[in-house]
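# Take this sequence and fold it.
(one chain, ligands or ions: 1)
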Amino acid sequence: MRRILKRMVGYSSTTTVFECRRCGTCFSSDEESCTECGTSSIAKYEF
Ligand SMILES: [Zn+2]
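Numbering: from 1, shown residues only. Next up, the predicted model:
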């Protein structure tokens with residue numbers, strides 16, 4: 001998790017990352033639901 005975010009942060013000064021609260025899958029765009037497990041419980045992080 002921490003390793004994935006670090007890599008994504010390098011792309012720009014302000015990066016928004018979405019993470020599934022259930023399975024931990026990360027998205028770079030705002031998804032309606034997790035593509036892996038289908039839950040709509042998505043956490044949003046901004047850097
Ligand atoms: Zn999920």
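
# where does the protein dip in pLDDT?
1-12 (pLDDT under 70).

# for it, which residue is closest to the average position?
residue 18 (2.5 Å; Cα atoms, centre = their mean).

# near the ion, which residues of this protein?
20, 22, 23, 25, 34, 36, 37 (Cβ under 5 Å from the ion). All C-beta atoms are positioned from the backbone trio N, CA, C, and that covers glycine.

# Got a ChimeraX select line for the buried ones in those?
Selection of buried members from those for ChimeraX, criterion 16 or more other Cβ atoms under 10 Å:
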select :20,25,34
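
# Grab the nearest non-local neighbour of residue 40.
residue 33 (4.6 Å; Cβ to Cβ, 6 or more residues apart in numbering).

# what comes up buried for stretch 33-46?
Quick answer for stretch 33-46 (16+ other Cβ under 10 Å): 34, 42.

# and it, C-alpha only, in PDB?
Extracted C-alpha coordinates of stretch 33-46, given in PDB (Å, rounded to 0.1, in the frame of the first residue of the first chain):
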ATOM      1  CA  SER A  33     -17.300   0.900  -7.300                       C
ATOM      2  CA  CYS A  34     -14.200  -1.200  -6.900                       C
ATOM      3  CA  THR A  35     -13.300  -3.100 -10.100                       C
ATOM      4  CA  GLU A  36     -11.900  -6.000  -8.000                       C
ATOM      5  CA  CYS A  37     -14.500  -6.700  -5.300                       C
ATOM      6  CA  GLY A  38     -17.400  -4.400  -6.400                       C
ATOM      7  CA  THR A  39     -17.900  -2.500  -3.200                       C
ATOM      8  CA  SER A  40     -18.800   1.200  -3.400                       C
ATOM      9  CA  SER A  41     -16.800   2.000  -0.200                       C
ATOM     10  CA  ILE A  42     -13.900   3.900  -1.800                       C
ATOM     11  CA  ALA A  43     -11.500   6.000   0.200                       C
ATOM     12  CA  LYS A  44     -10.000   9.200  -1.300                       C
ATOM     13  CA  TYR A  45      -6.500  10.500  -0.600                       C
ATOM     14  CA  GLU A  46      -4.900  13.700  -1.900                       C
END
